[in-house]
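>>> no FASTA, just this:
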């Protein structure tokens, strides 16, 4: 299988700031969020491209009404009408992202959105977790030859198998999977991040995290499990409301989120042994055989006048058994390192 994502630098973590519906219907807020994302240390800004009529139908049927969760009582049409990013904003948001120095991409929810986004030559496409079963859409996105990020919320292994196969066989240059819980907000006890390890082994692909929890614990754990791609919703203020505000991070929180991921990544490091550069001076503080008091020439080595003491410089502590009973070759001050030249045979 092809692995990795060309545009995502795999040498350090990449955090994607998802704007989604947090613009609250204002292009000025959307552009402010682009700048907030950049200042908070995000690597990418992500949009969503759909319109109510491309993602659902305006219907009074019972199944079109949301019955639980954050959006209970709303119809799908009303929710997506509120949350959508108007496509006519795209050029201005793209220009703002370029000015801010942060790249952007999007989640298309139907073929017309893919066609529209191709006009902006986005580097990556994201397949939302709900759309993981829309294999025709995945194939259509993949045929662009762009890199794909696929969220896996709610998906069975068989569904992920089918999505990955559709992406690869239809021309996606690279694929990254995101472990996701599609609850809003997600409950920490249902994140099941241990699945990241299995997914990496099964698919031979990078596996990151799309994080709908309110905190930072999931991201730190995912980093420890090898994730380097993260997605988090960003808002200017939860108090200002918006369809996604409750599970989104405010700018200062997003900055902390990025910092904790980077710190966790640094702590994880690599599988290696021996002193690091910073540890090297500490080797001087290791114990060695030294005199505990002044000793005279000819005096025998005993456990009373020679012990394992810091710092280094003398024989290793293990050498005491070989030196015990030998005589000092010269007068030796207290604290002196005991070495081969200090003792007679």
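Received the coordinates, thanks. Being a predicted model, the structure only gives us computed values, none of them experimental.
>>> host element of residue 201?
Element membership for residue 201, per DSSP states H and E: helix 195-203.
>>> Pull the distance from that helix to the chain's centre.
15 Å (Cα atoms, centre = their mean, to the nearest Å).
>>> repeat for stretch 327-334
The answer for stretch 327-334 is 59 Å, by Cα atoms, centre = their mean.
>>> neighbouring contacts of it?
Identification of contacts with stretch 327-334 by Cβ atoms under 8 Å, 6 or more residues apart in numbering yields 291-301, 338, 341-344. C-beta here means a position set from N, CA and C on the backbone, and glycine is covered the same way.
>>> residue at max distance from the center of the protein?
Distance from the centre of the chain peaks at residue 298, with 64.6 Å (Cα atoms, centre = their mean).
>>> Could you tell me how far the closest residue to it other than its chain neighbours is located from residue 305?
Nearest residue to residue 298, sequence neighbours excluded (Cβ to Cβ, 6 or more residues apart in numbering): residue 327, at 5.2 Å. For residue 327, the distance to residue 305 (Cβ to Cβ, to the nearest Å) stands at 12 Å.
>>> How about residue 283?
26 Å.
>>> what are the bridge partners for the residue nearest to residue 298, then?
With DSSP bridges applied, residue 327 shows beta-bridge pairing to residue 300.
>>> Report the separation between residue 317 and residue 327.
In terms of Cβ to Cβ, residue 317 sits 20 Å off from residue 327.
>>> follow-up on the earlier one: after the helix holding residue 201, which helix or strand is next? Please name it.
Going down the chain from helix 195-203, the next helix or strand is strand 207-211, by DSSP H and E.
>>> so what does that next one touch, helix or strand wise?
Under the contact criterion of 3 or more Cβ pairs under 8 Å, 6 or more residues apart in numbering; DSSP states H and E, strand 207-211 touches strand 175-180, helix 195-203, helix 217-224, strand 229-233.
>>> what angle do the second one and strand 207-211 make?
Think helix 195-203. In terms of direction (axes from the mean of the first three to the mean of the last three Cα atoms, to 10 degrees), helix 195-203 departs from strand 207-211 by 140 degrees.
>>> Okay, helices next: where are they in the protein?
In the chain, the helices defined using DSSP state H lie at 27-39, 52-55, 76-83, 90-100, 111-118, 135-142, 157-169, 195-203, 217-224, 251-268, 320-323.
>>> would you list those helices in TSV and tack on distance to residue 69, mean pLDDT and mean neighbour count?
Output for those, formatted as TSV (distance: least, Cβ to Cβ, whole Å; pLDDT from 0 to 100; neighbours: other Cβ atoms under 10 Å):
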stretch	distance to residue 69	mean pLDDT	mean neighbour count
helix 27-39	23	98	19
helix 52-55	18	96	16
helix 76-83	11	95	18
helix 90-100	28	98	16
helix 111-118	25	98	16
helix 135-142	24	98	20
helix 157-169	22	98	17
helix 195-203	23	97	16
helix 217-224	19	97	20
helix 251-268	22	97	17
helix 320-323	69	96	13
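>>> For residue 231, find the nearest of those.
Smallest distance to residue 231 across the helices of the chain (Cβ to Cβ): 10.0 Å, for helix 217-224.
>>> just checking, what packs against that closest one?
strand 207-211, strand 229-233, helix 251-268.
>>> Make CSV from these and add distance to residue 150 to it.
Formatted as CSV, the helices and strands packed on helix 217-224 follow (distance: least, Cβ to Cβ, whole Å):
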stretch, distance to residue 150
strand 207-211, 10
strand 229-233, 11
helix 251-268, 20
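>>> closest one to residue 37 among those?
Residue 37 lies closest to helix 251-268 among those, at 7.2 Å (Cβ to Cβ).
>>> Which residues does that closest one contact?
12-13, 15, 17, 36-37, 39-42, 216, 219-220, 223-224, 228, 230, 232, 234, 236, 249.
>>> same check, this time on stretch 125-144
By Cβ under 8 Å, 6+ apart, stretch 125-144 touches 46, 48, 105-111, 114, 117-118, 146-155, 159-160, 162-163, 166-172, 180, 182, 210, 231.
>>> same thing but at 6 Å, please
107, 111, 114, 146, 148-151, 153, 155, 159, 163, 166-167, 170-172, 180, 182 (Cβ atoms under 6 Å, 6 or more residues apart in numbering).
>>> again with stretch 158-173
Contacts to stretch 158-173, defined as Cβ under 6 Å, 6+ apart, come from residues 132-133, 135, 138-139, 142-143, 145, 147-148, 150, 152, 175, 203.
>>> got those as a markdown table, with distance to residue 31 columns?
Below are these laid out as a markdown table (distance: Cβ to Cβ, whole Å):
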| residue | distance to residue 31 |
| --- | --- |
| 132 | 30 |
| 133 | 34 |
| 135 | 35 |
| 138 | 30 |
| 139 | 33 |
| 142 | 31 |
| 143 | 32 |
| 145 | 30 |
| 147 | 25 |
| 148 | 27 |
| 150 | 28 |
| 152 | 31 |
| 175 | 31 |
| 203 | 37 |
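>>> ok, so of these, who is nearest residue 58?
residue 133 (22.9 Å).
>>> wait, what's in contact with the residue nearest in space to the middle of the chain?
In the chain, the residue lying closest to the centroid (Cα atoms, centre = their mean) is residue 228, at 4.0 Å. The contact partners of residue 228, taken as Cβ under 6 Å, 6+ apart, are residue 13.
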